[in-house]
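Asker: Just a sequence and a predicted model for now, questions to come.
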Protein chains: 2
Amino acid sequence: MDINAAARHIKKSFGYQFSNLELLDLALTHRSAAKAHNERLEFLGDAVLGMVVAKTLYTRYPNVPEGKLTRMRASLVKGETLAGVAKDAQLGEWLKLGSGELKSGGKRRASILADVTEALFGAIYLDADVDVCERVILKLLESRIAKLDPNAHPKDFKTQLQEFLQSRKQALPHYEIKDIQGKEHDQTFTVACQCAAASEPTIGVGPSRRRAEQHAAQQMLEIINQRAKS
Amino acid sequence: MDINAAARHIKKSFGYQFSNLELLDLALTHRSAAKAHNERLEFLGDAVLGMVVAKTLYTRYPNVPEGKLTRMRASLVKGETLAGVAKDAQLGEWLKLGSGELKSGGKRRASILADVTEALFGAIYLDADVDVCERVILKLLESRIAKLDPNAHPKDFKTQLQEFLQSRKQALPHYEIKDIQGKEHDQTFTVACQCAAASEPTIGVGPSRRRAEQHAAQQMLEIINQRAKS
């Protein structure tokens, strides 16, 4: 990869000209490619992004309570959003990946793309300062911030799981009550959630069948997401 | 509460003189006391704190990998640490609490104290800027940062749960294998964790008894912690 060409691409897509090209190089380097890789910068960038988004939402929505601000922020900083930023900016072509990752389509993998976006934010913060980094972040996220709805309800875990599996054309999950304990009005339900995507069922416990199913679906989502990352 | 006296106390304990006393007042106001309370500032302060700590650790530990930085940060920004900061700064006396909270000892409740610390960080950020806020945060956390050990192993969930219960002189948890499925070398264990602190057992599933117990203990800790917050 020609680092000068990469810097020109970042200037065009992110609107930021790197001074220290080594920092840019580090931000673009996946752990599969070299011992010095972008994970520390990703740690830093995640924190800067979180702060910039928190401050922006706090200021723009003076009457929105904390719970809604937290949800709005989560939708802006989640992997899917950041992978979208990376795709819009066509970062895939500029990544440094190990040969295994390269062959298995790492340039298009959402988790790798999201991580490099955060790493670039961390690198810009170090290369310039927090205000410059804020401007870059806001420019990239502006259209997504404009579309936020403070009153949008987050999708419950069963719905999320169902949509995730449907998007991958996989069979829908199967829920089964494993146990009901306690007397009427004080019962504890144990529900298993089984999925073709996971070899083991997840178990949810709760004071109602619905709550137990939600817990089981939430754990299944975590397992599937962890797998997608690794 | 005399807000001028509060400002003097914050000047002495945090080393920061508020210009906008309304912001200080808001930061000290718990949701039990007024409709305009400190939760939004807490949201902002949490983000500023996260960034300041991330940047500090990134800079001071140039060779520590991301996973360890994440753990070190978590130990600095967790409720227990922030409640400690609030206690050292004797913030309890300056809180605005509703009468119910006041009677039930809200001034000493760790979660309320941790939240007010974050709210003050958010307020200082708005009253001044990120650099000033960084100096205040680092001054308050310096002795705790100095004690950090990048190689400290986080306590596993069973140990955490046991220590938590012991500190409250409660009976130790009871683990019971509920189910083992699958053939040798590919088994799935289901374990229940029962605790006097919770009316229902939690269920953990995993490829070994140990892992299943850890999952069950983790869920029990979450339940107990959620209860402590509400």
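Answerer: Happy to help now that I have it.

Asker: Just read off the phi/psi values of A:I203.
Answerer: phi -120, psi 130 (degrees, to the nearest 10).

Asker: What residue spans form the domains of chain A?
Answerer: A:3-146, A:157-229 (automatic domain parsing).

Asker: Spell out for me which residue occupies the centre of chain A.
Answerer: Nearest to the mean C-alpha position of chain A, counting by CA atoms, centre = their mean, stands A:G79 at 1.6 Å.

Asker: and the spatially closest residue to it that is not a sequence neighbour, how many residues sit next to it?
Answerer: Residue nearest to A:G79 in three dimensions, not counting chain neighbours: A:A114, with 4.1 Å by CB to CB, 6 or more residues apart in numbering or on different chains. The C-beta positions use only the backbone N, C-alpha and C, and glycine is treated the same way. The number of residues packed near A:A114 is 23, by other CB atoms under 10 Å in any protein chain shown.

Asker: Enumerate the positions of the helix or strand where A:A114 lies that are buried.
Answerer: For A:A114, the host element (DSSP states H and E) is helix A:110-127. Residues of helix A:110-127 classed as buried: A:110-127 (neighbour count, 16 or more other CB atoms under 10 Å in any protein chain shown).

Asker: show me the residues around A:S208 that make contact.
Answerer: Counting by CB atoms under 8 Å, 6 or more residues apart in numbering or on different chains, A:S208 touches A:187, A:189.

Asker: give me that answer again for 10 Å
Answerer: By CB atoms under 10 Å, 6 or more residues apart in numbering or on different chains, the contact list for A:S208 reads A:187-189, A:191, A:214.

Asker: same check, this time on A:D46
Answerer: Per CB under 10 Å, 6+ apart, neighbours of A:D46: A:77, A:82, A:114-115, A:117-119, A:121-122, B:50-51, B:54, B:66, B:70.

Asker: contacting residues around A:S19?
Answerer: A:7, A:127-128.

Asker: How about the secondary structure of it?
Answerer: coil (DSSP: H, G, I helix; E, B strand; the rest coil).

Asker: That one and chain B: what is the separation?
Answerer: 18 Å (CB to the nearest CB, to the nearest Å).

Asker: And the pLDDT for that residue?
Answerer: The pLDDT attached to A:S19 in the predicted structure is 98.

Asker: Now do it against A:I10, distance only.
Answerer: Going from A:S19 to A:I10 by CB to CB, to the nearest Å gives 12 Å.

Asker: Likewise for A:A36?
Answerer: Using CB to CB, we find A:A36 at a distance of 19 Å from A:I10.

Asker: got the contact list for the residue nearest to A:G79?
Answerer: By CB under 10 Å, 6+ apart, the contact list for A:A114 reads A:42, A:46, A:77-86, A:229.

Asker: Which single one of those residues is nearest to chain B?
Answerer: A:E42 (6.7 Å; CB to the nearest CB).

Asker: For stretch A:80-95, measure first residue to last.
Answerer: 18 Å (CA to CA, to the nearest Å).

Asker: for chain A, what spans make up the helices?
Answerer: For chain A, the helices defined by DSSP state H cover A:3-14, A:21-27, A:39-60, A:66-77, A:79-88, A:99-103, A:110-127, A:130-146, A:157-167, A:209-229.

Asker: Just the buried residues of the last one, please?
Answerer: Burial within helix A:209-229, assessed by neighbour count using 16+ other CB under 10 Å, is assigned to A:209, A:212-221, A:223-224.

Asker: Redo these as a markdown table? Include distance to A:F157 and pLDDT.
Answerer: Output for the buried residues of helix A:209-229, formatted as a markdown table (distance: CB to CB, whole Å; pLDDT from 0 to 100):
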| residue | distance to A:F157 | pLDDT |
| --- | --- | --- |
| A:R209 | 14 | 90 |
| A:A212 | 11 | 90 |
| A:E213 | 8 | 94 |
| A:Q214 | 5 | 92 |
| A:H215 | 8 | 89 |
| A:A216 | 9 | 91 |
| A:A217 | 4 | 93 |
| A:Q218 | 4 | 88 |
| A:Q219 | 9 | 85 |
| A:M220 | 8 | 88 |
| A:L221 | 6 | 86 |
| A:I223 | 12 | 80 |
| A:I224 | 12 | 81 |
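
Asker: and A:E93, how many residues sit next to it?
Answerer: Residues within reach of A:E93, counting by other CB under 10 Å, total 10.

Asker: ok, now which ones touch the closest residue in space to it that isn't next to it in sequence?
Answerer: By the measure of CB to CB, 6+ apart, the closest residue to A:E93 outside its immediate chain neighbours is A:K107, 6.9 Å from it. Taking CB under 10 Å, 6+ apart as the criterion, A:K107 is in contact with A:30, A:91-95, A:97, A:101, A:113.

Asker: Any chance of a ChimeraX selection covering the buried ones in those?
Answerer: Burial among the contacts of A:K107 is assessed by 16+ other CB under 10 Å; the matching ChimeraX selection reads:
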select /A:30,91,92,94,95,97,101,113
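
Asker: If we only consider the contacts of A:K107, which is nearest to chain B?
Answerer: Nearest to chain B, judged by CB to the nearest CB, of the contacts of A:K107 is A:H30 at 12.9 Å.

Asker: isn't the closest one right up against A:A119?
Answerer: Yes: contact status for A:H30 versus A:A119: in contact at 9.3 Å, counting by CB atoms under 10 Å.

Asker: Common neighbours of those two, please.
Answerer: By CB under 10 Å, 6+ apart, the residues touching both A:H30 and A:A119 are A:37-39.

Asker: So for A:K12, what's the pLDDT?
Answerer: At A:K12, pLDDT is 97.

Asker: Apologies, that question was intended for A:A152.
Answerer: On pLDDT, A:A152 comes in at 82.

Asker: Could you pull up the contacting residues of it?
Answerer: A:68, A:71-72, A:75.

Asker: okay if I get those residues as TSV plus neighbour count?
Answerer: Below are the contacts of A:A152 laid out as TSV (neighbours: other CB atoms under 10 Å in any protein chain shown):
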residue	neighbour count
A:K68	18
A:R71	16
A:M72	22
A:S75	17
